[in-house]
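# mind looking at a prediction? Sequence and model below.
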Amino acid sequence: MKGLPPSLRDRKRYIAFQLYSERELNEREVIQAITNKIIDLYGEFGYEMFKLIEFDGKRGIISVKAEGKDKVKNALTLIDRISDVRVLPIVLGVSGTIKSCKKKYLEV
Amino acid sequence: MIDLIRFNPEKIYFNYSNYIVFGEETDKFVNGCMIIARDVNELRRKLKESDGIIGVASESIKVNREAVMRKKVDFLLDLKRRRIDYSTVKLSAEKDVIIEISLSKFIESKGVERARLFDETKTLFKIIKKFDAPFILTSGANNFYHLRPYRQISDFFKMLGADVKRALYWMERLGRRLFDDRYIMNGLEII
C-alpha cells in the first residue's frame, strides 16, 4: 500500500543470492521459480511478496519483508530446477539495505 | 565442517573441511561404506564383509534398530523412505550412532510426500532433543546441484525445529573422531 506513514511501513531485508546453472537464466524464469516454490511450500495464504531488485544471470538481490525472509530463503534452498535447467542456488547473505547488500556480498 | 554425500565431487565446495562419500569410490575425500539392507540377515551378512566408516541406509524399522545396536555402525544414513522409531533414537543416543538428516530428500520430493517428510522430521527432532541423540545435518547430495552451504542447510532445518547448535557440536565431535589423531573419546585425548 502506498502513502503509509513511516511507522506503518514494513521493514525490508535484501537477500543476495547466486545461481550455478547449466545455462544463463533470465529474470522472469527466476521470479517464476521462486514464486512457485513459495506457493508450493507455504500455500497462497502464507505467500510472501518479493521483488527481484537485480539479476545479472548469475547473482542477484531479492527484496522481501523482514518477517518473510526465511520463507524466501527456504524456497531458494529447495529449488533445484528452473525451466528444466538444473540449478544450485546459494544464499550469499541478508542485509538491511541494498547498498550494504551489494557491498558485502556482490562486490568482487 | 563435514558433509555426507553420495557422489564423488571434483573439489570441496562452500567452506566444508571435508566430505565423507558414501556409495562411490573416492581418492580425494573420506571413503564411507554404505550398507543398504532390506532385512536383518542381509545387514548382518554385509556388516561382516565391510569395515571402515560404515553407514546403514534402510527403509525397515527393524534393520535400523539392529544397525544401531552394532558396534561397527557409525551412521544411520538418510533415505527418502527411511523409517526410524522412538526406541531406535533412544538406542542411538546410548550407542553413540549418528543419525543423518539430509536436505536432498526434501529437494527431490514434492507435494504430499514432502509434507509427510516435514511432519516426520519435526517429530524426529523432538525425540532427538529428548534423548540428546547424536545427529548431523547434511546435504546428502547425489549430484552437484543438490549440494548446499552448511548455513543454508541449518537455516532450513531450524524451521523444522532442529537444535542447530547441538548439530554443530556433534559435527565437530565427528570431525575430531575422524581427523584428530590425539582424540580417543569425549573428554579423553592424548596430550
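Structure's in. What do you need?

# endpoints of stretch A:65-85, how far apart?
29 Å (CA to CA, to the nearest Å).

# wait, stretch B:79-90
Start-to-end span of stretch B:79-90 (CA to CA) is 20 Å.

# average pLDDT for it, rounded please.
For stretch B:79-90, mean pLDDT rounds to 92.

# ditto for stretch A:65-80
95.

# buried residues in it, which are they?
The neighbour-count check on stretch A:65-80 (16 or more other CB atoms under 10 Å in any protein chain shown) flags A:68-80 as buried. The way it works is simple: take the backbone N, C-alpha and C, and place the C-beta from them, glycine included.

# enumerate the residues of chain B near chain A.
Proximity of chain B to chain A is confined to B:14, B:103, B:106-108, B:110-111, B:144-149, B:151-153, B:155-156, B:159 under the rule CB under 8 Å from any CB of the partner chain.

# give me the buried subset of these.
Burial by neighbour count, judged by 16+ other CB under 10 Å, picks out B:14, B:103, B:106-108, B:145-149, B:151-153, B:155-156 from the residues of chain B next to chain A.

# paired strands for the helix or strand of chain B with the lowest mean pLDDT, with orientation please.
Here the helix or strand of chain B ranked lowest by mean pLDDT, DSSP states H and E is strand B:188-189, holding a mean of 74. Note on strand B:188-189: by DSSP bridges, its sheet partners are strand B:183-185 (antiparallel).

# what sits against the residue of chain B found nearest chain A?
When scored by CB to the nearest CB, chain B has residue B:145 as its residue closest to chain A, at 4.6 Å. For residue B:145, the contact set (CB atoms under 8 Å, 6 or more residues apart in numbering or on different chains) comprises A:20, A:80, A:86-88.

# again, only this time at 10 Å
By CB atoms under 10 Å, 6 or more residues apart in numbering or on different chains, the residues touching residue B:145 are A:20-22, A:79-81, A:85-89, B:104, B:107.
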